[in-house]
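1. just a sequence and a predicted model for now, questions to come.
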Amino acid sequence: MAAQPPVITVDGPSGTGKGTLCLRLAAQLGWHFLDSGVLYRLVGFLALKRGVVLDDAVALVPLAAALPVEFRPLADDLEIRLEHEDVTRAVRTEQIGDAASRVAACPPVREALLARQRAMRRAPGLVADGRDMGTVVFADAPLKIFLTASAETRAERRYKQLKGKGNDVSLTALLEDIRARDERDATRAIAPLVPAPDAEILDTTLLGIAEVTDRVMHLVRERGLA
Ligand code: C5P
């Protein structure tokens, strides 16, 4: 059997810098990029739009299985189009993040999104951002990174990011949301947010994105992936 293209998995809670790190790694290596959180966000978004209850597996699975989504690379982000509508900003709100973490706790929804995620593993390689990339989706990945940071630091980063995009947000509310979402993600029965046993754990509380990227690129070279 031909060797599978390599995957670098980057897991961890929101606000640890996973997205920025993955975009930089993918650009430096010339590899593909999978933002798996967007898939859960899109299921949550569609469910809210169609009035589907967020734990109704029977109604959610067809939405997840047939997600009519298209990704278009932008200079430093991805444009997300759902049924030809640009939803790039609409799916990044806290409300949709919360809906995503509710639908993500539903095992058949995760199952329905598996094949789509694995299909992204194409040559020359894939950088995969999520919560269960190293534990479930790409358990055989040759390099697994798990990012952590204090909840306060993560809330501040989200605050700056959302403010920068023109959203009206409160830091206190963000911190509460982050804590609630962490709790739900870490304690759910299926694919909980935990580091893979063979993951490299990096605490980004005191590290800038350039330093985090350098450290990971060092590991990439050490493992002979580039
Ligand atoms: O990473 P992002 O904030 O976009 O993810 C939104 C939510 O989707 C997370 O809080 C988590 O509940 C869920 N998710 C997941 N598994 C992934 C990616 C995201 O359960 N691989």
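-> Thanks, I have it.
2. for the rest of this, base every contact and every neighbour count on C-alpha atoms.
-> Noted.
3. do I have it right that A47 meets V53?
-> Yes. Using Cα atoms under 8 Å, A47 and V53 qualify as a contacting pair, with a distance of 7.0 Å.
4. between the two, who's got more neighbours?
-> A47 (22 against 15; other Cα atoms under 10 Å).
5. now the more buried one: which helix or strand?
-> Assigned by DSSP states H and E, A47 belongs to helix 36-50.
6. now do that helix, average pLDDT.
-> Here helix 36-50 scores 97 as its mean pLDDT.
7. ok, now stretch 73-86?
-> Rounded mean pLDDT across stretch 73-86 is 86.
8. can you tell me what sits against that stretch?
-> 23, 67-72, 87-88 (Cα atoms under 8 Å, 6 or more residues apart in numbering).
9. mind checking which of those residues are in helices?
-> L23 (DSSP state H).
10. tell me the SS of the closest residue to the ligand within the chain?
-> Minimum separation of the chain from the ligand (Cα to the nearest ligand atom) falls at S101, amounting to 3.1 Å. Here S101 is helix, with the state taken from DSSP: H, G, I helix; E, B strand; the rest coil.
11. thinking again about what came up before, next secondary structure after the helix holding A47?
-> By DSSP H and E, the next helix or strand past helix 36-50 is helix 57-65.
12. that next one near the ligand at all?
-> No. Contact between helix 57-65 and the ligand is absent, the nearest approach being 12.8 Å (criterion: Cα under 6 Å from any ligand atom).
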